[in-house]
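J.: got a predicted structure here, sequence first:
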Amino acid sequence: MALDPNPDWWREAVVYQIYPRSFADSNGDGIGDLDGVSSRVPYLKALGIDAVWFSPFYPSALADGGYDVDDYRDIDPRIGTLEQFDQMVEALHAAGIRVMIDIVPNHSGSGHPWFKQALASPAGSAARDRYIFRDGLGQGQDQPPSDWRGIFGGSAWEPVGDGQFYLHLFDPAQPDWNWDNPEVREDFLKTLRFWSDRGVDGFRVDVADALAKDLSADPLPTAAELEALPPGAEHPLRDRGEVHAIYRQWREVFNTYDPPRTAVGEVWVEDRTRRARYATSAELGQAFNFDLLLAGFNADDFRTIIDSNLDLARQTGSSTTWVLSNHDVIRHASRYGLPPVASPGERRELGRLWLLARGAEPLEDTALGLARARAASLTILALPGSVYLYQGEELGLPEVADLPDAVRQDPAFRRSGGYEVGRDGARVPLPWTEDGPSFGFGTGAAHLPQPAWFAGFAVAAQQADPESTLNLYRTALAARRSLLANEDVQAGGFTWVEEQQPGVLHFARGPWHCLTNFSAPEAVSLPPGELIVTGASLLPGDLLPPAATAWLHVL
Ligand code: NOJ
Ligand code: CA
């Protein structure tokens, strides 16, 4: 299958996120690699996705799962070579699958040659100007320049032994770049061209809102002062106006290619209208909409989120993105099985406590979680916009809650003294077969241990089962593809169909109807039409049970 020649291919694409170290291991060293991905191209093709997005595969000390990049224009030797990358891109393209890669512009890894050079150079040098160095406070200059905390815990400033500190919003092994420095800007343009020239179709931009910073205040504001900033006030570290000039320059580079390279920004900015500024056609084109990650399995929340994001996409001429899982959050098959909570904050806390309970507590209702996950996935796959899937969700894979402390790799675990259990439970290597040393992931043990129950979720176990989550995704993606090609669907727009019962959402795109019964106490009757996909068994009388979605073709 050839690549879709339409330059707007990304607008309704289904993009599958590959976390390279945990996808498939071709040489038995326990680490997933590019040849592993190449060997699974038939699987990806059969799944029916439009593109893959690769989390970082660059040379890295793995202080943050590869988001600490030591060389932006090479491949970590444990993951492969540039030649293997080219072969993999060729194989994916030949299968009609586009390739997006992660670009990490807020910080490098501490092994980056420019950071090493900065450390070896004196205060005030050109080498230090590429990062954010400041003098320490106090007589001995041994106090950090401010009391800011890093996102993984601990101070956001690290002393380098000569009275200076450098800023790291994340781990100390992730020093923040100084985007006021022209060499830094130029080097990233070079990186974008490097990968675009190799055939990469698009970029996922890590921490996209934090590149521009203003640290000119003296003294710097305290963490409490930042916390107290009113909504809309300029923040020295996040979502500053100047950041947009960077992406306008990137867009110029993207548009020198045919088709133009695409981009999606990771923008954790609460105000949706501010988030939308990153998504215009003059900048990245898309920004992640993470609203559903913070919402419960609840019809009202879904409806509000759907409405506001579709509105925003209409206003900016972008297309919205839908996400239920990624490598940073508890897998949605588990998240939806946790008891209901009142607020996103409470949900995060519950998730944390549940993970700490090591899965031993019967807090999680696994059957309910999976039913809801299947229902919610079908809902977002029917919405206008593109959908980002995370590897393993097509298997209905739950979070691995009970990893032993000793194997945890996430810096959030270490730096919070175990308060945050971290994100490793969503990053355990995929099960491909029901047995073997790592369930077919490779021929040796995997870099994070897989629990025995992974066997039941293995690809091989699901292939032959028509009711499996894998086959549900395959059927849904194939149906979505043909529905999107249907002229009546294209002309149909998006409309809500009002239902009598609370807890039910029903929308239509022309003849394509999607009905989700989130929580109606009674099962819901379906409109007359041809049932295309449903993840659940209908009740007698063709009623849709709670925690289920159905797609219909209604004439
Ligand atoms: C967001 C990435 O998704 C996450 O995994 C990483 O830890 C941070 N950015 C820092 O790069
Ligand atoms: Ca390997």
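T.: Yes, it's here. As the structure is a prediction and not an experimental result, all values here were calculated from the model. Ligands and ions are numbered 1, 2, ... in the order given.

J.: confidence score at the residue of the stretch 401-550 of the chain at minimum distance from ligand 2?
T.: Residue nearest to ligand 2 within the stretch 401-550 of the chain: residue 442 (6.3 Å; Cβ to the ion). Every C-beta, even on glycine, is put in place using the N, C-alpha and C of the backbone. pLDDT recorded at residue 442 is 98.

J.: check contacts around it.
T.: By Cβ atoms under 8 Å, 6 or more residues apart in numbering, the contact set of residue 442 is 24, 25, 26, 27, 28, 29, 30, 32, 36, 429.

J.: now do the strands in the stretch 301-450 of the chain.
T.: Remark: strands assigned in the stretch 301-450 of the chain by DSSP state E, counting those that start in this stretch are 321-323, 386-390.

J.: turn those into a markdown table, including distance to ligand 2.
T.: Formatted as a markdown table, the strands of the stretch 301-450 of the chain follow (distance: least, Cβ to the ion, whole Å):
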| stretch | distance to ligand 2 |
| --- | --- |
| strand 321-323 | 28 |
| strand 386-390 | 21 |
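
J.: could the ones you listed go into JSON lines alongside mean neighbour count and mean pLDDT?
T.: Listed next are the strands of the stretch 301-450 of the chain as JSON lines, based on neighbours: other Cβ atoms under 10 Å; pLDDT from 0 to 100:
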{"stretch": "strand 321-323", "mean neighbour count": "23", "mean pLDDT": "97"}
{"stretch": "strand 386-390", "mean neighbour count": "24", "mean pLDDT": "98"}
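
J.: let's have those strands in TSV, adding distance to residue 172.
T.: Below are the strands of the stretch 301-450 of the chain laid out as TSV (distance: least, Cβ to Cβ, whole Å):
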stretch	distance to residue 172
strand 321-323	29
strand 386-390	28
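
J.: ramachandran angles for residue 552?
T.: When read as degrees, to the nearest 10, the backbone of residue 552 gives phi -130, psi 150.

J.: cool, residue 540 as well?
T.: According to degrees, to the nearest 10, residue 540 has phi -50, psi 140.

J.: one step back: helices - which of the contacts of residue 442 land there?
T.: Judged by DSSP state H, helices contain the following of these: residue 36.

J.: most widely separated two among the contacts of residue 442?
T.: Farthest pair in these (Cβ to Cβ) is 27 and 429. Separation: 13.9 Å.

J.: who has more neighbours, those two?
T.: It is residue 429, of residue 27 and residue 429, that has more neighbours when counted by other Cβ atoms under 10 Å, with 29 against 14.

J.: for stretch 533-550, measure first residue to last.
T.: Distance between the two ends of stretch 533-550: 6 Å, counting by Cα to Cα, to the nearest Å.

J.: please begin residue numbering at 578 from this point
T.: Yep, numbering from 578; the last one is stretch 1110-1127 now.

J.: relative to ligand 1, how far out is residue 1077?
T.: Using Cβ to the nearest ligand atom, to the nearest Å, residue 1077 is found at 41 Å from ligand 1.

J.: ugh, wrong one, I meant residue 655
T.: 18 Å.

J.: that residue touches residue 609, doesn't it?
T.: No. Residue 655 is not in contact with residue 609 according to Cβ atoms under 8 Å; the separation is 9.5 Å.

J.: okay, now the residue nearest to residue 1034 when sequence neighbours are not counted: neighbour count?
T.: Nearest non-adjacent residue to residue 1034, counting by Cβ to Cβ, 6 or more residues apart in numbering: residue 972, 4.8 Å away. Neighbour count of residue 972, defined by other Cβ under 10 Å: 22.

J.: thinking again about what came up before, compare residue 655 and residue 609 and say which is more crowded by neighbours.
T.: Between residue 655 and residue 609, counting by other Cβ under 10 Å, residue 609 is the more crowded of the two (28 against 18).

J.: pull the contacting residues for the more buried one.
T.: 596, 597, 598, 599, 600, 601, 602, 656, 1006, 1018, 1019.
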